[in-house]
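Asker: Okay, structure incoming, though there's no sequence with it:
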């Protein structure tokens, strides 16, 4: 079965909620990169400074399409629940893993 990558950027205030999703789905393999700075098309700047104090975290998971769809579904629920905080999700093909 082919693998895909879920890449999600989310406001770090949602860290606990995202971890609850991962735990509820028994996701054992993932990476979280904390305190990611940047600017979104609609969300504005996240720079962790006095002017733009928000920061994002990044979730990276490589798994089967079926498992990624389950995780994505729960993250979309969070996105709807916490519209102001923001979650952006990308699903990418994994061509090779070494």
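Answerer: Alright, I've got the coordinates. These numbers were taken from a predicted model, which means no experiment stands behind them.

Asker: Low-confidence regions, this structure specifically.
Answerer: Residue ranges of the chain with pLDDT under 70: 1.

Asker: show me where it has strands.
Answerer: Remark: strands assigned in the chain by DSSP state E are 3-11, 31-36, 38-40, 44-46, 56-64, 87-93.

Asker: now the fifth one against strand 3-11, angle please.
Answerer: Our comparison of strand 56-64 with strand 3-11, counting by axes from the mean of the first three to the mean of the last three Cα atoms, to 10 degrees, yields an angle of 160 degrees.

Asker: contacts for strand 56-64?
Answerer: Residues outside strand 56-64 that contact it (Cβ atoms under 8 Å, 6 or more residues apart in numbering) are 1-12, 14-15, 18, 27, 29-38, 46, 68, 71, 94, 97. For the C-beta atoms, the positions are set from N, CA and C on the backbone; glycine is no exception.
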